[in-house]
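Enquirer: Sequence first, predicted coordinates after that:
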Amino acid sequence: MKKSILALVALFMLAFNSKAQSGREQTSFKVYGNCGMCERKIEGAVNEQQGVFSADWNVESKKMTIKYDSKQITLDELKQLIADVGYDSDSHRSTDKKYNSLHGCCQYDRPE
Ligand SMILES: [Cu+2]
């Protein structure tokens, strides 16, 4: 009897543990941009999304850091959302149309 209770407790702990190790991840990648207006657009593109805990883009280093739940949103989707508002990243390119509609001061030098 005592043994089965112990087994039950172990099972519960295992369940809790797997819940704690959900899809919570942190990623960093380069996003091209120029200024504070870019920062608001880049961060705003992902900030309100389901599964995103925080997003921070650094205007100096052009580095985007996102804390997110990979079970709710993928890295590919995050980069695509940023491209959709006009910003190229290290792997996802925005459309010329989106880029051209950015404010003049925000038209960063595009990567090759
Ligand atoms: Cu800008």
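Expert: Looks like it arrived, so ask away.
Enquirer: Helix, strand, or coil at the residue positioned nearest the centre of the chain?
Expert: With distances taken as C-alpha atoms, centre = their mean, residue 66 lies nearest the centre of the chain, 4.1 Å away. Counting by DSSP: H, G, I helix; E, B strand; the rest coil, the backbone at residue 66 sits in strand.
Enquirer: so it sits right up against residue 81, yeah?
Expert: No. With contact defined as C-beta atoms under 8 Å, residue 66 does not reach residue 81; the gap is 10.4 Å. Yep, even glycine has a C-beta here, placed from its N, CA and C like the rest.
Enquirer: I figured residue 85 hits residue 99, correct?
Expert: No. Under the criterion of C-beta under 8 Å, residue 85 is not in contact with residue 99, lying 10.2 Å apart.
Enquirer: Give me the distance between the closest residue to residue 95 other than its chain neighbours and residue 3.
Expert: Distances taken as C-beta to C-beta, 6 or more residues apart in numbering put residue 83 closest to residue 95, at 7.8 Å, once the chain neighbours are dropped. According to C-beta to C-beta, to the nearest Å, residue 83 and residue 3 sit 56 Å apart.
Enquirer: which one of the two has more residues nearby?
Expert: residue 83 (20 against 7; other C-beta atoms under 10 Å).
Enquirer: Just the element for that one, please.
Expert: helix 75-84 (DSSP states H and E).
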